[in-house]
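> Here's my sequence, what's the structure:
(2 chains, ligands or ions: 1)
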Amino acid sequence: MKISGAQILFKALAMEGVEVIFGYPGGAVIGIYDEMTRQNIRHILVRHEQGAIHAADGYARASGKVGVCLATSGPGATNTVTGIANAYLDSIPVVILTGQVPTALIGTDAFQEVDITGITRPCTKHNFLVRNVSDVGRITRDAFAIARSGRPGPVLIDLPKDIMQMELEEADVNFNGEYNCEEEPVDRSQINRAVEMIREARKPVIFSGGGVVMGGASAELRELARITGAPVTSSLMGLGAFNASSPLWMGMPGMHGTYCANMAFSHCDLIIGVGVRFDDRVTSKVDLFAPNARIIHIDIDPVSIDKIIKTSLAIVAGAKSALSAINAELAEYSPSSHVSIWQEQVLKWKREKPLSYKKSEAIKPQFVVEKLYEVSRGEAIIATEVGQNQMWGAQFYHYKKPNTFITSGGLGTMGFGLPAAIGAQVARPDAIVVDLAGDGSIQMNIQELATAVQNNIPVKIAILNNNFLGMVRQWQEIFYQKRYSHTDLLGNPDFVKIAEAYGAKGLRASKVEEVEMIIKEAFATEGVVVMEFIVDREEGVYPMVKPGSPLTDMDLGPMAPEEDSRAEIGDDPSTRSFN
Amino acid sequence: MDERENVISILVNNKPDVLARISGTLSGRGFNIESISANITKDPNKTKIILTTIGNKTTLAKILKQIAKLVDIITVEDLTGRKAVRREMFLVRFNWQLEGRKEKIAALVEKKKWKLLCANDDTCIVEITGENGLAEVMALTDLGMEDFTRTGVVAIEKA
Ligand SMILES: Cc1ncc(C[n+]2csc(CCOP(=O)(O)OP(=O)(O)O)c2C)c(N)n1
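Below is the predicted model:
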């Protein structure tokens, strides 16, 4: 029996348990699409290849499985690059299948030829150009193993058109990967040292990140907090791994973090950092970060360790295995009275200055997020776009479970939210999935409304419409004396009509009383819904730690006691960047 | 910043683009490769790459961690300052038409244990192997040194 390259590909995908592919056809992959008609696999036709890669990414984040996308050669492949970089920076396991011109034409600037393995080398964990049909099975298996093992990441397989058509004796096909991707066992002596440090600590803090979410270590994290009584904070990528309704929860730290989390970092004597990379958005001024603390840093990637902050103890291991080893050693431990005094202090900070905003006549964007939380009872999956909407989504929705907050943390890709929400909804068909959007970001991949409608993927889009590129406007307000250079989006389309034109339901709230009403209506609707909230145009995200300041230097915004504290101008604006 | 020359030894799977991955990792972080030599090892599926790069030690240590993480890398070692033997080879072309040059060059070849590889009336080509031969070769301009090519550094640790 003969078997073609395309058939081998689908066999390997089946072995990996792939149920769905997000893709877009074209000349170089027409053979793969033809074979698909004979295969039992779900394919979701997107409207732009960037949508395909973000959807695969959102699917991976919501399910913990590897997401898969498929694009044609040339422009199809290059359209996925932003999404590949996005998955790379957030360590998300995705496999990208791209078509390539026939092997004989490679290197001739053939029609729709680009060197996609060359282009994506710095933003993939690994990539492959398949040169022989006999390699298709092995490479596909390796790609999945590499994508999901260690620190996960995107892996691209470039598939020349002729290789997909070539045939091979079925008996000669090899589906065994070449790479050994097993995790090394945890170093016991380091675990013992960590346990000692935890026992010695009087003011411990747990800081968890995306590594706990994607590493499936949420239960172990909760157990560590229960045993040690250490208050918990999570990076943007880590939200959801710890239950935000726990009394030990402090909220997110860093630039737009809570007063409580930033104070705790600044006063604690031990940070147990797990699956985090101590990003500069979290540490702010590095030399003044956690001045009194010893730091245990657990991360599967040795590159993350000692990259930004100097650790006292580094444990290179997966979050799950390291935390369960530590928990087992701590089984008999009960925290000292010092820890309860510390917990009280933390609670005091939490009560003293909770996240807040000034209520007004106009709809406050934070109020919308609070209502989304209330109406969904905290059970929704929230995908975000980038900007203020993203920060409010991190602050005012309280996540109880891992894989429920889906956001572009590392790259900060506007246009990520809608396709990612589509991917998440495919992974979790019964969940309410919301894309929390800004009016700027939603227009970067708005065409994916058609994907959602055509495939009955009932995502709910909540646009916080401030008719501004809000986050940039906020920086212009604070650091550039309100010179709003090209951040005004008053030419926005009518989003309700847009929704209707795509065959979705469109709802608008322009008064405070309408907010809850339309959210309820949207959640009760079976199909795709776009909710537009006309919000207070110049609302800002607070607290805010200016770049280069220590974490204790928080501007708490309009609710702060000294109202004018944010008028002063900070350091050199040229050294700052947006998320 | 204390810049210095670093000698790095990398053992890799012999895959088509492994060199591109390594050089991309270095250049993406601002490091220039000064010299490179690569060839298969006792095991033909593996390639050993020796490269030299100038830069700050701590920055380089971070880059090496990054390189070690690449999928086809087996080991990465920093040989700088270690007990290793290092050599590089120059092929030098002289124009020896001028009166007296032939004799001078021949004498040097003899004395310095260079190798005369080929010669005609106008020019000759000499092989010079040494630990750090650039200054020595540059000083040969007065003797009619026209051009040279140079291998990368090769190095191997002493036991
Ligand atoms: C693709 C891309 N382009 C530009 C930026 C820079 N940027 C960061 S936030 C932002 C404004 C986002 O505006 P909007 O989507 O309306 O959200 P808001 O901040 O108003 O909630 C911009 C332009 C980016 N992050 N991504």
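
> C-alpha from now on. contacts and neighbour counts both.
Will do.

> Once you drop chain neighbours, what's closest to A:Gln50?
A:Thr80 (4.9 Å; CA to CA, 6 or more residues apart in numbering or on different chains).

> A:Glu49 is in contact with the one you found, correct?
Yes: using CA atoms under 8 Å, A:Thr80 makes contact with A:Glu49 at a distance of 5.6 Å.

> quick one: common contacting residues for those two?
Taking CA atoms under 8 Å, 6 or more residues apart in numbering or on different chains as the contact rule, A:Thr80 and A:Glu49 both touch A:Ala71.

> Next one, pLDDT for A:Asn403 please.
Listed pLDDT for A:Asn403 reads 98.

> Kindly provide the distance from it to A:Ile119.
The spacing between A:Asn403 and A:Ile119, counted by CA to CA, to the nearest Å, is 30 Å.

> neighbour count winner among these two?
Higher neighbour count among A:Asn403 and A:Ile119: A:Asn403, with 27 against 13, using other CA atoms under 10 Å in any protein chain shown.

> is it true that the more buried one touches A:Tyr59?
No: counting by CA under 8 Å, A:Asn403 sits too far from A:Tyr59 to count as a contact (9.9 Å).

> domain assignment for chain B?
B:4-82, B:85-157 (automatic domain parsing).

> Quick one: closest of these to the ligand.
domain B:4-82 (21.6 Å; CA to the nearest ligand atom).

> By average pLDDT, which secondary structure element in chain A comes out worst?
helix A:280-283 (a mean of 92; mean pLDDT, DSSP states H and E).

> Tell me the confidence at the residue in the stretch 251-400 of chain A that chain B sits nearest to?
The nearest approach of the stretch 251-400 of chain A to chain B comes at A:Val303, 5.9 Å away (CA to the nearest CA). The model reports A:Val303 with a pLDDT of 91.

> The one 5 residues further on now?
On the pLDDT scale, A:Ile308 is placed at 88.

> So which bits of chain B are right by chain A?
B:21, B:24-25, B:62, B:65-66, B:70-71 (CA under 8 Å from any CA of the partner chain).

> Just send those back as TSV, with pLDDT and distance to the ligand too.
Shown next, in TSV, are these (pLDDT from 0 to 100; distance: CA to the nearest ligand atom, whole Å):
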residue	pLDDT	distance to the ligand
B:Arg21	95	26
B:Gly24	93	24
B:Thr25	93	25
B:Lys62	87	28
B:Lys65	92	29
B:Gln66	92	26
B:Leu70	94	28
B:Val71	93	29
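
> hmm, back to that, what does the least confident helix or strand of chain A contact?
A:235, A:253-255, A:286, A:289, A:308, A:551.

> Equivalent analysis for stretch A:447-455, please.
By CA under 8 Å, 6+ apart, stretch A:447-455 touches A:44-48, A:51, A:418-419, A:422, A:457-459, A:499, A:502-504, A:527-528.

> just the buried members of these?
A:44-48, A:51, A:418-419, A:422, A:457-459, A:499, A:502-504, A:527-528 (16 or more other CA atoms under 10 Å in any protein chain shown).

> Just the ones of the residues you listed in strands?
A:44-45 (DSSP state E).

> Tell me if A:Val434 really is in a strand.
Yes: under DSSP: H, G, I helix; E, B strand; the rest coil, A:Val434 falls within a strand.

> ok now do the residue nearest the centre of chain A, which residues does it touch?
Per CA atoms, centre = their mean, the C-alpha nearest to the average position across chain A is that of A:Thr407, at 3.6 Å. By CA under 8 Å, 6+ apart, the contact list for A:Thr407 reads A:237, A:383-386, A:390, A:416-417.

> cutoff 10 Å now
A:58, A:61, A:90, A:236-237, A:239, A:382-386, A:390-391, A:393-394, A:413, A:416-417, A:420-421, A:435-436 (CA atoms under 10 Å, 6 or more residues apart in numbering or on different chains).
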